[in-house]
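Enquirer: Pasted the sequence and its predicted model underneath.
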Amino acid sequence: MSPILTDEAVVLRKTDYGETSKIVTLYTERGGKISGIIKGGRSEGGKRGRVLDPLNLVQVAYYDKESRDVQTISSADLLEGRRRLREDPLATMYAFAALELTLGSTTERDPNPRLFRGLKKILRLFEERREPPSTTTARYFAFFLGEIGFELPTERCAVCEKPLGAEVGYRSTRGFACRSCVDREGSFAPFPAELFAELVSLKSGNDAADERTFSGRRALRFLEQYMGAHAENYRGLRALEMANDLEQEQ
Ligand SMILES: [Zn+2]
């Protein structure tokens, strides 16, 4: 018998499997990303199936068998639904972008409790709606880059390592440089001061109050480019494209 594990998890994805079952991908606190099957998840009036809707925070129990790609989920309880968030299609799409990023750029069974806690916190932020949802996605994106080893350094100059001021230059292969290094080296392009301030504030993890003034969309475009330049397999986020389309319609 394989052991039964109990863990907190964020539901990243849910798909139908066969006539009555569902396969879910979860980001768990202690096990990292795992896939699980809920047998009969659709036949019981879908109740258990809805507990495992993407964006939810759940407590799951599953039979952990390392040799298998898909674990069997024996129970799932809802800890936090996202009722308020789901009422807003645009915010929901931006939240899905955070899930899609996690789904596409993490490895199965590679636990990162910090990443789990960050994702959990960001989903609460989406639910509270204290800032534009694009800002919340940008905030998560900046955090996520650090967690997968591609931290965007905004504190110190890439050349002289002195603390960066408001005026910086950027070069994709080097990062950000201070004004005097930019003048001396000549290979850094000027970088918009406002965008740099946004990136710094996204990374600071401060209360959302300071960030109400910007939408995060420009920061997201930059972070996507940065991700594309560092993570080989990154092909963009479908949910982000859809959120952009939605936003243009509004
Ligand atoms: Zn410098």
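Expert: Sure thing, it's come through. These figures come from a predicted structure and were not determined experimentally.

Enquirer: only C-alpha atoms for contact and neighbour calcs from this point on.
Expert: Fine.

Enquirer: Straight-line length of stretch 80-93, end to end?
Expert: Counting by C-alpha to C-alpha, to the nearest Å, you get 18 Å between the two ends of stretch 80-93.

Enquirer: Could I get the buried residue list for that stretch?
Expert: 80-82, 85-86, 90-93 (16 or more other C-alpha atoms under 10 Å).

Enquirer: can you narrow those to ones near the ion?
Expert: The subset of the buried residues of stretch 80-93 within reach of the ion, by C-alpha under 5 Å from the ion, is empty.

Enquirer: Restricted to strands, list these.
Expert: Among those, the members found in strands (DSSP state E) are E80.

Enquirer: And the furthest pair within the buried residues of stretch 80-93?
Expert: For the buried residues of stretch 80-93, the maximum inter-member distance is 19.9 Å, found between E80 and L90 (C-alpha to C-alpha).

Enquirer: Just give me the residue right at the centre of this structure.
Expert: For the chain, A98 is the residue whose C-alpha lies nearest the centre (C-alpha atoms, centre = their mean; 3.4 Å).

Enquirer: Name the helix or strand for it, please.
Expert: Assigned by DSSP states H and E, A98 belongs to helix 89-104.

Enquirer: Pull the residues that contact the helix or strand just after that helix.
Expert: Remark: after helix 89-104, the chain's next helix or strand is helix 113-128, criterion DSSP H and E. With C-alpha atoms under 8 Å, 6 or more residues apart in numbering as the test, helix 113-128 has contacts from 9-10, 27-30, 32, 55, 57, 82-85, 91, 95, 133, 136, 140, 143-144, 147.

Enquirer: so who does L220 touch?
Expert: 134, 137-138, 141.

Enquirer: element containing it, please.
Expert: helix 217-230.

Enquirer: who are the neighbours of the helix or strand following that helix, in terms of helices and strands?
Expert: Following helix 217-230 in sequence order, the next helix or strand is helix 238-249 (DSSP H and E). Of the remaining helices and strands, those touching helix 238-249 by 3 or more C-alpha pairs under 8 Å, 6 or more residues apart in numbering; DSSP states H and E are helix 89-104.

Enquirer: next one: the helix it packs on to chain centre, how far?
Expert: Remark: helix 89-104 is offset 7 Å from the chain centroid, using C-alpha atoms, centre = their mean, to the nearest Å.

Enquirer: Determine the set of other helices and strands touching that helix.
Expert: strand 4-17, helix 83-86, helix 113-128, helix 133-147, helix 238-249.

Enquirer: could you dump the contacts of L220 to a markdown table with neighbour count and pLDDT?
Expert: Below are these laid out as a markdown table (neighbours: other C-alpha atoms under 10 Å; pLDDT from 0 to 100):
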| residue | neighbour count | pLDDT |
| --- | --- | --- |
| S134 | 26 | 95 |
| T137 | 30 | 97 |
| A138 | 28 | 96 |
| F141 | 23 | 97 |
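
Enquirer: low-scoring stretches of this structure, by residue?
Expert: Along the chain, segments meeting pLDDT under 70 span 1, 41-49, 206-213.

Enquirer: I'd like the distance between the residue in it sticking out farthest from the centre and A193.
Expert: The C-alpha centroid of the chain is most remote from R184, which lies 37.2 Å away (C-alpha atoms, centre = their mean). From R184 across to A193, the span is 19 Å (C-alpha to C-alpha).

Enquirer: State the distance from Y226 to the ion.
Expert: Distance, Y226 to the ion, using C-alpha to the ion, to the nearest Å: 20 Å.

Enquirer: what about that residue, how many residues close to it?
Expert: 18 (other C-alpha atoms under 10 Å).

Enquirer: thinking it is in contact with T173, fair?
Expert: No - contact criterion C-alpha atoms under 8 Å: Y226 and T173 do not qualify, at 9.7 Å.

Enquirer: Great, nothing more from me.
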